[in-house]
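J.: A structural model of the following input is requested.
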Amino acid sequence: MRPVRRRDLVVLAAGLAVAAWLLVRAWYGDLPALDWWLPVPLAVLAVAEGLGARTLRARLTALREARTRTGPPGAVPVRPVEPMLVARLAVLAQASAYVGAVFAGIWTGVLLHVGPAVGDLQAAAGDTVTALIGIAASAALVAAALWLESVCRVPPASTDDEPAPGVSA
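T.: The predicted structure follows:
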């Protein structure tokens, strides 16, 4: 599995920003109201992935330290991390990074249309706030996903292949 390229995320977001701007420009009057809570699920997912990344990093660090520790066997019990869990989290992180980039592009396209129209259109003020919240939530999702992906990476091989005594590989 290859890591997500940041360039791909930027190109995806920029392309969708232009497409969303064109669509919103053409059909803005026909769109339903853009309530402030529409991007909240993206923020919730970003928080969940951030907490997952922090927890996984702590567990993997504890496991690596237990493997290199030369104390009495079984001094500190360390709960092992399932390799399939890490693989699933890596896939989730990659998918979330792309989803965040897609929504960042869409909300940016909306903002490009409603931002300049705040003085002209009555609904544009509320839609601008929603678009700003959407961009922030989308960016937070991308950041959390990239952090989770970096936590899931396998560290470079160490010089000693044998784990410390008393710690299962």
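J.: Name the spans of the chain whose pLDDT lies under the cut-off.
T.: 70-76, 156-169 (pLDDT under 70).
J.: Would you map the helices across it?
T.: Along the chain, counting by DSSP state H, helices occupy 6-27, 40-68, 83-114, 124-151.
J.: which residues are contacting the shortest one?
T.: Okay, so that is helix 6-27. 31, 97-98, 100-102, 104-110, 112-114, 142, 146 (C-beta atoms under 8 Å, 6 or more residues apart in numbering). Yep, even glycine has a C-beta here, placed from its N, CA and C like the rest.
J.: buried residues in that helix?
T.: Across helix 6-27, burial judged by 16 or more other C-beta atoms under 10 Å covers 9, 12-13, 16-17, 20-21, 24.
J.: Now do the contacts for the spatially most central residue of the chain.
T.: Of all residues in the chain, the one closest to the mean position by C-alpha atoms, centre = their mean is residue 145, 2.4 Å from it. The contact partners of residue 145, taken as C-beta under 8 Å, 6+ apart, are 4, 46, 49, 92-97, 100.
J.: Burial check on residue 128, number of neighbours?
T.: Using other C-beta atoms under 10 Å, residue 128 has 20 other residues around it.
J.: before we move on, back to that, report the buried members of the contacts of residue 145.
T.: Using 16+ other C-beta under 10 Å, the buried members of these are 4, 46, 49, 92-94, 96-97, 100.
J.: Dump these into CSV; add distance to residue 85 as well.
T.: Compiled in CSV, these are given as follows (distance: C-beta to C-beta, whole Å):
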residue, distance to residue 85
4, 19
46, 20
49, 14
92, 10
93, 12
94, 15
96, 16
97, 19
100, 22
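J.: Could you export the helices of the chain as CSV, including distance to residue 77?
T.: Shown next, in CSV, are those (distance: least, C-beta to C-beta, whole Å):
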stretch, distance to residue 77
helix 6-27, 39
helix 40-68, 9
helix 83-114, 19
helix 124-151, 22
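J.: got a list of what residue 31 touches?
T.: Residue 31 neighbours (C-beta under 8 Å, 6+ apart): residue 24.
J.: Compute the number of surrounding residues for residue 101.
T.: 26.
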